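> Sharing a sequence plus its predicted fold:
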Amino acid sequence: MTTLVPAKPGPFAFDVETTALVVIDMQRDFLEPGGFGSALGNDVSLLSAAVEPLQRVLAAARELGMTIIHTREGHRPDMSDCPPAKYARGEFIGTDSPKGRILIRGEYGHDIVDELAPLPGEIVLDKPGKGSFYATDLELILRNGGITSLIVTGVTTEVCVHTTVREANDRGFECLVLSDCCGSYFPEFHEVALRMISAQGGIFGWVGSSSDLLSSLPVGARA
C-alpha cells in the first residue's frame with residue numbers, strides 16, 4: 001500500500017515494504033557533553049530537540065516492521081581509516097574524554113544515545129566518513145532488501161545527513177528528510193540545508209515533518 005506524506009516540494013509517496021528508516025549518527029560523542037561536538041566548542045543541547053520526535057518515528061517504524069538502519073561515525077582504534085585531512089581538521093578525534101576516546105569504535109561515546117538505542121535485529125552501520133554510503137556496505141544492504149526509498153533522520157543536518165541524501169540521490173533512492181528529526185549546532189545551517197534538499201522541484205529529495213509522517217501512517221502505527 002502506498003502512503004502519501006505532505007512534504008516539500010510535494011507529497012512524498014512510499015511503500016513501507018520498500019522503505020528504510022535511516023537514523024544517522026545519534027551518538028553520545030555528538031549529542032552529549034564531553035564528546036566531539038563539545039570539544040569543538042559547540043552547544044550540544046541544540047541537537048537534543050531531535051531525540052523526542054525521532055523516538056516517535058522509530059516506534060512507528062518498528063510497529064510497521066520497517067527496515068531500520070542506524071549509523072555511527074567513527075574510526076578503528078589505530079585510526080588507520082582516518083584520512084590525514086580529516087584528522088587535521090578534527091584534532092580531537094582519538095583523544096581521551098570522559099566517554100572514552102573520541103569517535104573511536106567500541107568506546108562509550110561512539111555508541112548511540114540510550115533514548116534511541118537499536119533493538120536486536122536492527123542494522124548498525126559503522127562509517128568512517130560523513131556519508132553513509134562511503135566505505136560501507138549500505139548500498140548492498142538496501143539493494144538486497146529491495147529498498148527504494150529512505151526516510152532520513154539524524155545529525156548533523158548540513159554534514160552527515162546532507163552528504164548521505166546526496167549520495168542516495170545519485171544512486172537512485174528517493175529520500176524524505178524529517179526536519180524535526182534532524183539537528184545542527186548552527187540553526188541557520190539546518191534551515192538552509194533543508195531548503196537546499198527540496199529546492200528546484202526536489203533536487204535531492206523531499207522535506208517533511210515527523211507529525212505529517214505519523215499522521216499519514218496506518219492507524220495502528222501512529223505513536
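Right, received. Where do you want to start?
> going forward, measure contacts between C-alpha atoms and count neighbours the same way
Noted.
> Check which element follows the helix or strand bottoming out on mean pLDDT in the chain along the chain.
Of the helices and strands making up the chain, the lowest-confidence element is helix 84-89, at a mean of 90, by mean pLDDT, DSSP states H and E. Later in the chain than helix 84-89, the nearest helix or strand by DSSP states H and E is strand 123-127.
> Just checking: what are the partner strands of that following strand?
Strand 123-127 has the following sheet partners, assigned by DSSP bridges: strand 67-73 (parallel).
> Using PDB, write out every CA atom in the partner strand.
Listed in PDB are the C-alpha atoms of strand 67-73, where the atom choice follows Å, rounded to 0.1, in the frame of the first residue of the first chain:
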ATOM      1  CA  THR A  67      13.800  -1.800   7.800                       C
ATOM      2  CA  ILE A  68      15.700   0.400  10.300                       C
ATOM      3  CA  ILE A  69      19.400   1.300   9.900                       C
ATOM      4  CA  HIS A  70      21.400   3.200  12.500                       C
ATOM      5  CA  THR A  71      24.800   4.700  11.500                       C
ATOM      6  CA  ARG A  72      27.700   5.600  13.700                       C
ATOM      7  CA  GLU A  73      30.600   7.800  12.500                       C
END
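> which residues are in contact with it?
19-27, 61-62, 103, 110-112, 118, 122-130, 132 (C-alpha atoms under 8 Å, 6 or more residues apart in numbering).
> just how off-centre is it within its chain?
7 Å (C-alpha atoms, centre = their mean, to the nearest Å).
> pLDDT (mean, whole number) over that strand?
The predicted model gives strand 67-73 an average pLDDT of 98.
> Equivalent analysis for stretch 142-160, please.
Rounded mean pLDDT across stretch 142-160 is 98.
> returning to that earlier point: among the contacts of strand 67-73, name the buried ones.
Neighbour-count burial within the contacts of strand 67-73 applies to 19-27, 61-62, 103, 110-112, 118, 123-130, 132; the criterion is 16 or more other C-alpha atoms under 10 Å.
> what residues are up against the spatially most central residue of the chain?
Computing the C-alpha centroid of the chain and ranking residues by C-alpha atoms, centre = their mean puts residue 24 first, at 2.1 Å. Residue 24 makes contact with 70, 71, 72, 132, 152, 153, 154, 155, 160, 161, according to C-alpha under 8 Å, 6+ apart.
> Dig out what the closest residue to it other than its chain neighbours forms beta bridges with.
Of all residues not flanking residue 24 in the chain, residue 154 sits nearest, at 4.3 Å (C-alpha to C-alpha, 6 or more residues apart in numbering). When bridges are called by DSSP bridges, residue 154 pairs up with residue 24, residue 182.
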